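Enquirer: Let me see the structure of the following:
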Amino acid sequence: MRHLLVVEAAPSRRRRRFIVCITGLAVVLALALWVWASGRGTERAPVAPAPTPRGLEVWLHAGSTMTEVDTAPATADTGLEALPASLQGTEVSGELEVDEHGRLKVTRGLRLLFDYFLSASGEEPVERQRERIRAYITHRWPGAAAEQALVLLDSYIAYKDELSRVLSGSRATSLSDMQARLGAVAFVRARYFQPEEVVAFFGEEQGYDRYSLAKMSILNDPALSPAQKAAHIAELRGTQPEAVRQQMDVSETVQTLEALTTAWQQRTGSPQELRDVREKLVGRDAADRLESLDRQTQAWDGRVAAYLQQREKILGDTTLADSMRQQQVEALRNEAFAGPERIRIETIQRIQDSAARDAAPVPRSATSG
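Expert: Next comes the predicted model:
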């Protein structure tokens, strides 16, 4: 994660008085929230002391370049006044839901609401972001639900800061590393949220992370053939909740299929084995289409190889003038390819010619000192 250099200007007397006032209000608010939280029906998990505003500021501003933090007071009635540049012209993501008694329903939509405003990190300080979220929530959902949401917001910001510090400098280069990281993330979430809150906020991505690790374990199992790996992955997919299956988009399927195809090629597997891999992973109809694409690709590769071989013979014929060689090459290309194919073959020619020039030995006179 990139680090941010924050340079704070020396506060004026007015600013120092403002900071003192804000500090006093923060203490009062913290006491009020503590009293309110103590009366909840179920106790929250112990929350570690919140990191300093500076630590939150640096992490939440990561990825941006800023030479000075603007600490001027925010005047927000709806939370949408003077939005940072990255949020201007966008719609607020997420939502806050309440039950029939006006109590907060903890959902993924609430986390998306937090993330929408926090995504502008680097453009305004974290305290202004929190004030903006507070104004947006209380303007739209006044009452106890808003106060509950703000308690969760503080936990969420503190959680993000601690998670950043826990994962800072770690690298996931192996399956065991990734499993360790997933365990560390789960541990930090349990420190700041109740189990039902963890499910609501992170359930979908936790499910997908577990699926990804299980799939990686299957792909890395040397005892399994590509067809067996495809069968295990297909079975693994079938056991996933609908929310996880929805995240398995086309790109994820293509990546898995490419990995299994590479394993098949390394084994010099049979065409039937490749067919089994595809059927298990994407179904019979898609396997038919992939086989048809294979035939088209093989035919194209054959035409290209034949053309390049003939072209090389023409260019190597020293009995022909340069202009005549070029004419014969153009005639050969126009005969072998039509329409958009000519653009493709011309690109292939340029790549091949460039590679040939790079591989050619440098004349002795060019390197003499």
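Enquirer: Quick one: distance of stretch 174-193 to the chain centre.
Expert: 18 Å (C-alpha atoms, centre = their mean, to the nearest Å).
Enquirer: With stretch 301-319 instead?
Expert: Taking C-alpha atoms, centre = their mean, one finds the center of stretch 301-319 at 45 Å from the center of the full chain.
Enquirer: ditto for stretch 271-284
Expert: Its chain's C-alpha centre and that of stretch 271-284 lie 29 Å apart, by C-alpha atoms, centre = their mean.
Enquirer: and if you look at stretch 135-149?
Expert: 30 Å.
Enquirer: repeat for stretch 154-164
Expert: 19 Å.
Enquirer: again, but for stretch 147-160
Expert: So, by C-alpha atoms, centre = their mean, the centroid of stretch 147-160 is 23 Å from its chain's centroid.
Enquirer: so where's the stretch 1-150 of the chain uncertain?
Expert: 1-76 (pLDDT under 70).
Enquirer: 50 instead?
Expert: Low-confidence segments of the stretch 1-150 of the chain (pLDDT under 50): 1-75.
Enquirer: The stretch 251-369 of the chain now?
Expert: Using pLDDT under 50, the flagged stretches of the stretch 251-369 of the chain are 366-369.
Enquirer: Could I get the phi/psi values of V98?
Expert: Dihedral pair for V98: phi -130, psi 160, per degrees, to the nearest 10.
Enquirer: for L104, that is, sorry about that
Expert: phi -70, psi 140.
Enquirer: just use 287 as the starting number from now, easier for me
Expert: Got it, first residue is 287 now, which makes that one L390.
Enquirer: For burial, what's the neighbour tally of it?
Expert: The number of residues packed near L390 is 22, by other C-beta atoms under 10 Å. To be clear about C-beta, it is placed using only N, CA and C from the backbone, and glycine gets the same treatment.
Enquirer: before we move on, what about L567?
Expert: 22.
Enquirer: What helix or strand is it located in?
Expert: In the assignment (DSSP states H and E), L567 maps to helix 557-568.
Enquirer: now Q595
Expert: Assessed by DSSP H and E, Q595 sits inside helix 570-601.
Enquirer: Quick one: distance of that helix to the chain centre.
Expert: 35 Å.
Enquirer: just stretch 454-461 next, same as before
Expert: Counting by C-alpha atoms, centre = their mean, stretch 454-461 comes out at 16 Å from the chain centroid.
Enquirer: No more questions from me, cheers.
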